[in-house]
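Participant: Provided below for reference: sequence and predicted model.
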Amino acid sequence: MFHPSRLLRDSLLGLYLFVLTPPPSLAATPIVSIVIDDLGNNLRDGRQVLALPAPIALAVLPHTAYSRELAEEASRAGREVLLHLPMDAENDAEVEPGPGRLELDMSALEMQTMLAYDLETVPHAIGVNNHMGSRFTQSNAGMETMLHALKQRRGEHGALFFLDSRTSPHSVAARVATKLGVPLLERDVFLDNERGEEAVRHSIERAERLLGMRGQAIVIGHPHPETLAALERWLPSLAARGIRVVPLSVMLAQRQSLERHADADRPAPTRPGL
């Protein structure tokens with residue numbers, strides 16, 4: 001039997017639950033993704049990362065002695081692999097980014113060819129993050145050329161994404177990637193921008209504060225002994241505190257879901273004067 005009062009009650013309850021339902025970032029368990037950069041020059045560092053009890057991504061430098069072998073080992077272990085792409089830095093005179101580097105004075109064809117050549121030496125890469133690149137990532141023209149070339153490439157699991165390591169506060173990567181429709185993530189915390197156990201501990205504390213505020217964080221570190229030792233201590237404690245370490249692909253899917261949620265909540269534009 002039709003009961004108008006029951007229908008009204010159920011409709012009001014549904015509206016109440018809709019209004020009170022938080023966006024996915026607040027409703028979900030806090031998640032963190034971790035990347036270790038600068039791998040490929042030896043197997044020892046990479047295997048130490050693979051031994052850590054979490055799905056940590058390996059960012060492998062191209063054209064290094066063990067880039068291909070390490071990427072293959074990581075893939076067999078079920079870990080995600082990134083091409084750690086050398087790019088022009090502000091302090092190139094002091095530090096050489098290494099072989100396979102993208103330079104701002106390259107033509108579009110040269111950049112496209114170099115990117116393809118670099119990816120060949122790092123099999124199973126699902127994305128790219130910048131090695132150095134503080135100068136390159138500030139350039140609209142350079143990032144447009146590189147991200148356009150990246151968009152043309154396909155990995156084993158589909159489109160490749162770009163993880164901006166944020167080596168420059170003036171990076172234009174996010175703006176250019178949005179314009180070109182290239183999937184993008186951004187680093188939140190460097191674990192070891194300053195070396196030493198105390199500095200790494202403070203960086204971990206910063207990551208945890210971000211997780212408490214936002215529910216998400218992307219953390220990048222390097223295969224320094226103090227960094228790996230800190231991760232060995234930190235990782236086993238996370239599950240008990242309700243924090244999940246997730247692969248970058250999961251983080252990307254989560255952030256894309258949040259963006260769709262935000263877009264759906266925006267009011268439709270109106271014509272002028274209405």
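Facilitator: Good, I have the coordinates.
Participant: mind listing the strands for the stretch 151-274 of the chain?
Facilitator: If DSSP state E, counting those that start in this stretch is used as the criterion, the strands of the stretch 151-274 of the chain fall at 154-155, 158-159, 161-164, 184-186, 189-190, 216-221, 244-245.
Participant: so which of those comes closest to Ala108?
Facilitator: Nearest of the strands of the stretch 151-274 of the chain to Ala108, taken as Cβ to Cβ: strand 161-164 at 16.9 Å. For every residue, glycine as well, the C-beta is placed using N, CA and C.
Participant: Give me the contacts around the closest one.
Facilitator: 35, 82, 126-130, 137, 147, 150, 171, 173-174, 177, 182-187, 218, 248, 252 (Cβ atoms under 8 Å, 6 or more residues apart in numbering).
Participant: mind listing the helices for the stretch 1-150 of the chain?
Facilitator: 4-20, 24-27, 43-51, 67-76, 108-120, 140-152 (DSSP state H, counting those that start in this stretch).
Participant: any idea which of those scores lowest on pLDDT?
Facilitator: Out of the helices of the stretch 1-150 of the chain, helix 4-20 stands lowest, with a mean of 39 (criterion: mean pLDDT).
Participant: out of the strands of the stretch 151-274 of the chain, which comes closest to Asn91?
Facilitator: strand 189-190 (16.4 Å).
Participant: tell me what the closest one is packed against?
Facilitator: helix 197-214, strand 216-221 (3 or more Cβ pairs under 8 Å, 6 or more residues apart in numbering; DSSP states H and E).
Participant: Could you list the residues in contact with that strand?
Facilitator: By Cβ under 8 Å, 6+ apart, strand 189-190 touches 203, 206-207, 210, 217-221.
Participant: okay, among the residues you listed, which ones form the most distant pair?
Facilitator: Leu210 and Gly221 (15.0 Å).
Participant: Please say which of these two ends up with more neighbours.
Facilitator: Each of Leu210 and Gly221 has its neighbours counted (other Cβ atoms under 10 Å); Gly221 has more, 25 against 18.
Participant: would you turn the helices and strands packed on strand 189-190 into CSV with distance to Pro236 and mean pLDDT?
Facilitator: Output for the helices and strands packed on strand 189-190, formatted as CSV (distance: least, Cβ to Cβ, whole Å; pLDDT from 0 to 100):
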stretch, distance to Pro236, mean pLDDT
helix 197-214, 13, 97
strand 216-221, 16, 98
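Participant: So which of the ones you listed has the densest surroundings on average?
Facilitator: Most buried of the helices and strands packed on strand 189-190, by mean neighbour count (mean count of other Cβ atoms under 10 Å): strand 216-221, with a mean of 23.
Participant: For that strand, what is the distance to the chain centroid?
Facilitator: Strand 216-221 sits 8 Å away from the centroid of its parent chain (Cα atoms, centre = their mean, to the nearest Å).
Participant: Tell me which strands it pairs with, and in which orientation.
Facilitator: In the sheet, strand 216-221 lines up against strand 31-39 (parallel), strand 189-190 (parallel) (DSSP bridges).
Participant: picking that back up, for the helices and strands packed on strand 189-190, which one sits closest to Val49?
Facilitator: strand 216-221 (9.3 Å).
Participant: Just the angle for that closest one relative to helix 43-51, thanks.
Facilitator: Per axes from the mean of the first three to the mean of the last three Cα atoms, to 10 degrees, the angle that strand 216-221 makes with helix 43-51 is 160 degrees.
Participant: C-alpha coordinates for strand 216-221, CSV please?
Facilitator: Provided in CSV are the C-alpha atoms of strand 216-221 (Å, rounded to 0.1, in the frame of the first residue of the first chain):
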residue,chain,number,x,y,z
GLN,A,216,46.9,11.0,1.5
ALA,A,217,50.6,11.6,0.9
ILE,A,218,53.2,10.7,-1.7
VAL,A,219,56.7,10.3,-0.2
ILE,A,220,60.0,10.1,-2.0
GLY,A,221,63.3,8.9,-0.6
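Participant: Residues in contact with it: which ones?
Facilitator: 25, 30-37, 59, 129, 163, 165, 185-192, 200, 203, 207, 210-211, 227, 231, 248, 251, 254-255.
Participant: where are the low-confidence patches of the stretch 51-200 of the chain?
Facilitator: Applying pLDDT under 70 to the stretch 51-200 of the chain picks out residues 92-94.
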